[in-house]
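Chemist: test case, fold it:
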Amino acid sequence: QVQLVESGGGSVQAGGSLRLSCAVSGDTYGSYCMGWFRQAPGKEREVVAHIDAAGWTSYADSVKGRFTISKDNPKNTLYLQMNSLEPEDSAMYYCAATGDCYSDYWAYWGQGTQVTVSS
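Modeler: Residues are numbered from 1 along each chain as shown. Next up, the predicted model:
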């Protein structure tokens with residue numbers, strides 16, 4: 001079992017930055033693939049970025065060059081640094097964990113943190 005708790009969301013103007021954190025507890029954190037997802041009202045949930053156990057990362061095209069996913073294994077914390085934010089980035093952001101980054105099934109989810117970007 002893995003428990004995930006996000007924090008760091010908020011309201012920011014376009015061009016600003018936010019850093020999301022996801023505190024992880026429970027099972028062997030380092031062996032999981034960790035990811036950030038987002039869902040805006042009326043839209044489907046989409047993957048933003050993920051990082052595997054070895055530290056390899058992958059990003060959605062819409063955030064490449066602006067967002068950075070990282071993890072601090074000793075602190076059991078996942079991060080998403082978001083720069084050059086755009087109104088289109090406004091959404092509820094969730095962290096999640098799975099055994100396989102390319103699986104359609106992510107077993108563990110946090111409760112989400114809201115990000116609002118104003119123009």
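Chemist: which residues does the most centrally placed residue in the chain bridge with?
Modeler: For the chain, the residue nearest the mean C-alpha position is W36 (2.3 Å; C-alpha atoms, centre = their mean). On the basis of DSSP bridges, W36 takes part in beta bridges with A49, C95.
Chemist: residues in contact with it?
Modeler: Shown in contact with W36 (C-beta atoms under 8 Å, 6 or more residues apart in numbering): 20, 22, 47-50, 69, 78, 80, 93-96. In short, each C-beta sits where N, CA and C put it, glycine included.
Chemist: what's the closest of those to Y108?
Modeler: Distance to Y108 across these (C-beta to C-beta) is lowest for A96, with 6.2 Å.
Chemist: state the distance from the closest one to G8.
Modeler: Going from A96 to G8 by C-beta to C-beta, to the nearest Å gives 16 Å.
Chemist: how many neighbours does the spatially closest residue to A14 that is not a sequence neighbour have?
Modeler: Distances taken as C-beta to C-beta, 6 or more residues apart in numbering put S119 closest to A14, at 5.1 Å, once the chain neighbours are dropped. Applying other C-beta atoms under 10 Å, we find 9 residues neighbouring S119.
Chemist: check V5 too.
Modeler: 14.
Chemist: using CSV, list the CA coordinates for the helix or strand hosting it.
Modeler: Here V5, judged by DSSP states H and E, is contained in strand 2-7. Extracted C-alpha coordinates of strand 2-7, given in CSV (Å, rounded to 0.1, in the frame of the first residue of the first chain):
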residue,chain,number,x,y,z
VAL,A,2,1.1,3.5,-0.8
GLN,A,3,-0.4,6.7,0.5
LEU,A,4,0.1,10.0,-1.5
VAL,A,5,-0.6,13.5,-0.3
GLU,A,6,-0.1,16.5,-2.7
SER,A,7,0.5,20.0,-1.7
